[in-house]
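1. structural data only, the sequence is not supplied:
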């Protein structure tokens, strides 16, 4: 059973296109996250959602729009893709503070390549 | 959130203990120390966390100094599969969520 699953695993697309990455967790967590890992391997938080509500938005361009249809899903839609968007995107989930164990579980990542 | 400092890389012989240090001199009283690792390009994997007491689980031990300004992750018998980048993170909950801020980590290479 995959705890946090992302699709697709690989995504190659042209500049200017719009694409989405899907994330689902079956851990019963209330909080979900998106992280970006660039070519230098720095992992940076992008967004955090708690019960479908946006909590953290780390000055991510407006072209990135997360959408949480329910607590188990947090999808990432990217408009007008740019070369600099090429990276590995990780989805993660955890309990909300005070609701259980505090560690986060990460998906296996989506490698986005913009050409 | 407090910042952490880790050595860029370390080597360890297979079967020996791997001791990975982390400095977090600006840690606050309510901030926990977390350790994650990332094997190749997989998603980060939780290892262990603690507040001020030493902790042990099936993967590793975490030793936190009394002043909480530094900690050491110990892998008691390193194997080749432990080769990974190890991240030390210090944080507390904020605005109803956790904000895990990853630094550059320590690249551990376990040698046969």
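-> Structure received. A quick note: this is a predicted structure, and the numbers were derived from the prediction, not measured. Numbers count the residues shown, from 1 in each chain, chains lettered A, B, ... in the order given.

2. C-alpha only now, for contacts and for neighbours.
-> Noted.

3. got the phi and psi for residue A:85?
-> phi -80, psi -10 (degrees, to the nearest 10).

4. make sure it is actually in contact with residue A:114.
-> Yes: using C-alpha atoms under 8 Å, residue A:85 is in contact with residue A:114, at 6.9 Å.

5. quick one: contacts for the closest residue to chain B within chain A?
-> Using C-alpha to the nearest C-alpha, the closest approach of chain A to chain B is made by residue A:108 at 4.6 Å. The contact partners of residue A:108, by C-alpha atoms under 8 Å, 6 or more residues apart in numbering or on different chains, come to A:4, A:5, A:6, A:9, A:90, B:42, B:43.

6. tell me which element it is part of?
-> Under DSSP states H and E, no helix or strand contains residue A:108.

7. how many neighbours does residue B:88 have?
-> 30 (other C-alpha atoms under 10 Å in any protein chain shown).

8. quick check: residues of chain B near chain A?
-> Counting by C-alpha under 8 Å from any C-alpha of the partner chain, the residues of chain B close to chain A are B:42-46, B:93, B:95-104.

9. identify the residues contacting the closest residue to residue A:19 other than its chain neighbours.
-> Among residues not flanking residue A:19 along the chain, residue A:78 sits closest, at 5.4 Å (C-alpha to C-alpha, 6 or more residues apart in numbering or on different chains). Residue A:78 makes contact with A:18, A:19, A:20, A:63, A:64, A:65 under the criterion C-alpha under 8 Å, 6+ apart.

10. for residue A:78, name its beta-bridge partners.
-> Beta bridges link residue A:78 to residue A:19, residue A:64, judged by DSSP bridges.

11. about what we covered before: now secondary structure and distance to residue B:19 too, for the contacts of residue A:108, in CSV please.
-> Shown next, in CSV, are the contacts of residue A:108 (DSSP: H, G, I helix; E, B strand; the rest coil; distance: C-alpha to C-alpha, whole Å):
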residue, secondary structure, distance to residue B:19
A:4, strand, 30
A:5, strand, 32
A:6, strand, 33
A:9, coil, 33
A:90, strand, 28
B:42, coil, 22
B:43, coil, 22
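
12. between these, which has the most around it?
-> residue A:90 (28 neighbours).

13. distance check, that residue against residue A:5.
-> 10 Å (C-alpha to C-alpha, to the nearest Å).

14. what packs against the helix or strand hosting residue B:62?
-> Element membership of residue B:62 [criterion: DSSP H and E] is strand B:61-64. Applying 3 or more C-alpha pairs under 8 Å, 6 or more residues apart in numbering or on different chains; DSSP states H and E, one finds that strand B:61-64 contacts strand B:45-50, strand B:55-56, strand B:70-75.

15. parallel or antiparallel, which strands does that strand pair with?
-> By DSSP bridges, strand B:61-64 pairs with strand B:55-56 (antiparallel), strand B:70-75 (antiparallel).

16. let me have those in TSV, extended by mean pLDDT.
-> Formatted as TSV, the strands paired with strand B:61-64 follow (pLDDT from 0 to 100):
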stretch	mean pLDDT
strand B:55-56	96
strand B:70-75	97
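
17. looking at those strands, which is nearest to residue B:63?
-> strand B:70-75 (5.2 Å; C-alpha to C-alpha).
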